[in-house]
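**Student:** Just a sequence and a predicted model for now, questions to come.
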Amino acid sequence: MHARTLAGWALALAAAGALGGPSGAEDADEPADEGLAPVQKDGKRIFRSCAGCHCATDPRISEDNDWLRMNRTTACVKAEDATLEARQALETYLKSDRVIRPLLVTEGTELKIKLPVGAVSIPEVSGSAYLRADGDAVARGAPTKLRLHWQAGAKGRTLPVPAGEYRVVSYALYGRAGKDNAERWMMTASNMNGCIDLTVEEGKTVPLDLRSHFVGDAFAEAKDGKAKLLYSQSDPHGNVATLSVNGDVRLPEYRVFDADGRPVHRGVFENT
Ligand code: HEC
C-alpha cells in the first residue's frame, strides 16, 4: 500500500458492524418496552432494543455512570438517531424507573427464593456480569435475568445464583489508576450469543471464568481509490471489547509509513 496516494481516510473501529458487532437484531423474548427509549420520530421508536446485548443500567452501581457517558459516542446508536438530543433522551431513559432491571446480586445478597441455588466464584478484580437464561433453563419462577456485581477482593469469594443454564451476555471489569486513583478504567465486552456459557448446579460452585484475553486486529481495505483502516479487539469467541477511562472510550492510535519506512500519517481511530 502506498500511503501517500491515500485520500479521504475512512477510519473505523470495527467493534460495531464491520466485524460482527451490533447488527440491529431485535430480541424476540423482550417485553416490548424494555431497553427501548420512549423517543419517537415520525411515529416510530428510534432506538432498537439494547437489552439483547447490554445490561440495563442500575442507579445503585456507580460504574454505570461511566457506561452511560459512553452513550454520547457509541456507534450502537445508529447514525440517523445519533443526534445529541436523541442520545440525551436515551441516557435519561436508561437512568429512569421505566427500565426493567435484572435482579441485582452483590456480595451479601441473600436470594430469598425457595428454589435450588448454586454459586459462582468471582474474579479478583472488580466487575459485573449480565446473565440471561431461557425460561426453560431455570426452575419455574426463577429470574431469567441477573446482574452480578462485585468489588475487587480475595480469591474464592462467591455470589449466589439460582441453579440453571445461563449466557453471560455482557460483562465489565473495573480498575483504578493514576494520581489518587482518579482514573476509572473499564473494559466492557458484549456478545448476544453469550460471551461465555455458565451452568450453575444446586449446592455447587462454578467459576465465573470471563474470557478477557482480547487481541487487537488491524487491517487495511482499499476500494475506489480510498483506503480504510480497521481495528477491533476481540477474542477467539467473537467477543468484542471496549476500553474506557472515566467514561471516555480509549481508541488506539495508528501510524502509516511509506514503502521507505518514513512516517506519513498518524491519527486515532474513530468509533463507528
Ligand atoms: C446486537 C448486539 C448489540 C445491541 C443490540 C446493542 N449493542 Fe451496544 N455494543 C455491542 C458490542 C458487541 C459492543 C462492543 C463491546 C462492548 O463494549 O461491550 C457494544 C458497545 C457499546 C457501548 C460501549 C462503547 C462503545 O461504543 O464501544 C455502549 C455505551 C453501548 N454499546 C450502548 C448501547 C445502547 C444504548 C444500545 C441500544 C440503543 C446498544 N448498545 C445496543 C453490542 C450491541
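**Tutor:** Cool, got the structure.
**Student:** Next up, the contacts around H213.
**Tutor:** D235 (Cβ atoms under 8 Å, 6 or more residues apart in numbering). Heads up, the C-betas are built off the backbone N, CA and C, glycines and all.
**Student:** helix, strand or coil for it?
**Tutor:** coil (DSSP: H, G, I helix; E, B strand; the rest coil).
**Student:** And it, what's its pLDDT?
**Tutor:** The per-residue pLDDT reported for H213 equals 74.
**Student:** With R255 instead?
**Tutor:** In this model, R255 carries a pLDDT of 87.
**Student:** Mind checking what secondary structure it has?
**Tutor:** R255 is classified as strand under three-state DSSP.
**Student:** ok now do the nearest residue to it once chain neighbours are set aside, which residues does it touch?
**Tutor:** Sequence neighbours aside, R266 is the residue nearest to R255 in space, at 4.5 Å (criterion: Cβ to Cβ, 6 or more residues apart in numbering). By Cβ under 8 Å, 6+ apart, R266 lies in contact with 253-256.
**Student:** L131 belongs to a strand?
**Tutor:** Yes. The assignment for L131 by three-state DSSP puts it in a strand.
**Student:** Model confidence at the nearest residue to G141 once chain neighbours are set aside, what's the number?
**Tutor:** Among residues not flanking G141 along the chain, L115 sits closest, at 6.6 Å (Cβ to Cβ, 6+ apart). Looking at L115, its pLDDT is 91.
**Student:** surely L115 meets G164?
**Tutor:** No. Between L115 and G164 there is no contact under Cβ atoms under 8 Å: 9.1 Å.
**Student:** Can you check which residues contact both of those two?
**Tutor:** Listed as contacting both L115 and G164 by Cβ under 8 Å, 6+ apart are 139, 142.
**Student:** okay, the two: which has more neighbours?
**Tutor:** G164 (26 against 15; other Cβ atoms under 10 Å).
**Student:** Identify the residue nearest that one in space, chain neighbours excluded?
**Tutor:** Counting by Cβ to Cβ, 6+ apart, the residue nearest G164 is V138, at 3.4 Å.
**Student:** Run through the residues that contact the residue nearest to G141.
**Tutor:** Neighbouring residues of L115 by Cβ under 8 Å, 6+ apart: 139, 141-142, 162-163.
**Student:** So which of these wins on neighbours?
**Tutor:** Counting by other Cβ under 10 Å, top hit in the contacts of L115: P162 with 24 neighbours.
**Student:** can I assume that residue is in contact with V200?
**Tutor:** Yes. Counting by Cβ under 8 Å, P162 touches V200, with 7.1 Å between them.
**Student:** Find the residues that touch each one of the two.
**Tutor:** By Cβ under 8 Å, 6+ apart, the residues touching both P162 and V200 are G118.
**Student:** which SS class is V77?
**Tutor:** coil.
**Student:** Tell me which stretches of the stretch 51-200 of the chain form strands.
**Tutor:** Listed in chain order, the strands of the stretch 51-200 of the chain (DSSP state E, counting those that start in this stretch) span 103-105, 117-121, 126-132, 145-150, 158-162, 164-177, 183-190, 196-200.
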